[in-house]
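A.B. asks: okay, predicted coordinates and the sequence, questions at the end:
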Amino acid sequence: MTKAFGSIDDVQALLAAQDYVCGRPLATVVFLALTLGRPLFLEGEAGVGKTEIAKALSAALGRRLIRLQCYEGLDAASAVYEWNFAEQMIAIRTAEATGGADRTALKTELFTDEYLIERPLLQAMRPQPGGAPILLIDELDRTDEPFEAFLLEALSDFQVTIPELGTIKAPEPPIVILTSNRTREVHDALKRRCLYHWVDYPAFDREIEILHARAPEASEQLSREVVAFVQRLRTEDLFKKPGVAETIDWAKCLLALDVINLSPEVIADTLGAILKYQDDIQKLQGSEAKRILDEVRTSLGPAG
């Protein structure tokens with residue numbers, strides 16, 4: 001268990017110090033995960049801040065962040081370790097060339113930590129300066145069920161087995177955060193091991209807070225227009241709705257262009273910061289961007 005936070009308010013305050021603005025429900029589940037020593041499973045659309053919370057926690061706690069980026073075809077061996085075959089072959093050839101190739105001794109020497117390449121799951125089982133690391137298992141939904149089954153076992157015992165070296169158990173369990181964009185359902189057995197939270201798109205006021213924290217140079221008027229426009233886009237029939245990450249990116253692009261207010265022309269020129277598919281961009285061409293901007297300004301009322 002990690003007694004880093006005395007209360008839920010502490011979680012919000014310390015994360016805010018890392019420019020991560022979160023509501024009380026998310027702060028509560030983070031507090032409970034740390035206090036009870038349970039993995040935290042965060043699910044939600046891409047770009048809503050799931051990965052960022054692991055980074056913010058790492059900075060707030062002063063713990064090392066170890067990230068396992070998931071992908072299709074990821075297997076247990078790739079996530080835990082591999083042997084440095086190139087170095088092993090050099091050692092074999094060197095031993096043969098010098099006539100010191102005692103096969104038994106050489107085999108023992110070749111399978112030691114010197115030739116071991118540690119991948120994220122094994123790194124997370126090792127002692128770390130400052131305490132147990134934060135293990136981020138990112139985009140778990142990209143993997144398949146066999147890897148989930150392996151992960152379930154690894155997270156149950158916080159240990160991994162290397163046939164040549166034996167079982168390696170974490171002296172202190174890592175702080176585990178798993179994320180999913182829900183491109184497929186993750187198995188219930190794994191979810192039951194975790195505390196769960198759905199990270200949704202933030203409400204208007206919350207997204208304004210986030211933008212103030214991440215792009216403080218943006219004026220209040222520009223921030224309100226940007227957030228309102230992006231939130232309005234999320235109601236459109238788009239292939240990929242923009243996340244909070246896109247809101248921040250767009251605001252920074254507008255600041256780099258010295259934009260004070262949104263205009264249809266500026267929106268058309270910078271759509272690539274918020275929309276990542278050409279079909280979606282085409283929907284906003286012509287009068288559509290102006291229509292949405294007019295609706296946004298009507299909803300916001302007079303600038304004040």
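C.D. replies: That came through fine.

A.B. asks: can you tell me what sits against the helix or strand of the chain with the lowest mean pLDDT?
C.D. replies: Ranked by mean pLDDT, DSSP states H and E, the weakest helix or strand in the chain is helix 103-110, scoring a mean of 74. Applying C-beta atoms under 8 Å, 6 or more residues apart in numbering, the external contacts of helix 103-110 come out as 88, 91-92, 95. (C-beta placed from N, C-alpha, C; glycine too.)

A.B. asks: which parts of it are buried?
C.D. replies: Neighbour-count burial for helix 103-110 flags L110 (criterion: 16 or more other C-beta atoms under 10 Å).

A.B. asks: please state the offset of that helix from the chain centre?
C.D. replies: Centre-to-centre, helix 103-110 and its host chain are 41 Å apart (C-alpha atoms, centre = their mean, to the nearest Å).

A.B. asks: wait, E209 touches V21, no?
C.D. replies: Yes. The pair E209 / V21 is scored as a contact, 4.6 Å apart, by C-beta atoms under 8 Å.

A.B. asks: quick one, which of the two is more surrounded?
C.D. replies: V21 (22 against 18; other C-beta atoms under 10 Å).

A.B. asks: residue boundaries of the helices in the stretch 51-200 of the chain?
C.D. replies: 76-80, 85-97, 103-110, 120-125, 145-157, 188-192 (DSSP state H, counting those that start in this stretch).

A.B. asks: distance of the residue nearest to E87 when sequence neighbours are not counted relative to R126?
C.D. replies: Nearest residue to E87, sequence neighbours excluded (C-beta to C-beta, 6 or more residues apart in numbering): Y115, at 5.6 Å. From Y115 across to R126, the span is 16 Å (C-beta to C-beta, to the nearest Å).

A.B. asks: cool, F5 as well?
C.D. replies: Distance from F5 to R126, by C-beta to C-beta: 25 Å.

A.B. asks: okay, those two: which has more neighbours?
C.D. replies: The neighbour count for F5 versus R126, taken as other C-beta under 10 Å, is higher for F5 (21 against 15).

A.B. asks: tally of neighbours for the residue nearest to that one when sequence neighbours are not counted?
C.D. replies: Nearest non-adjacent residue to F5, counting by C-beta to C-beta, 6+ apart: V11, 4.9 Å away. Using other C-beta under 10 Å as the criterion, V11 is surrounded by 24 other residues.

A.B. asks: wait, what's in contact with V11?
C.D. replies: So V11 contacts 5, 22, 27-28, 30-31 (C-beta under 8 Å, 6+ apart).

A.B. asks: among the residues you listed, which two are most distant?
C.D. replies: For the contacts of V11, the farthest-apart pair by C-beta to C-beta is F5 and C22; their separation is 12.5 Å.
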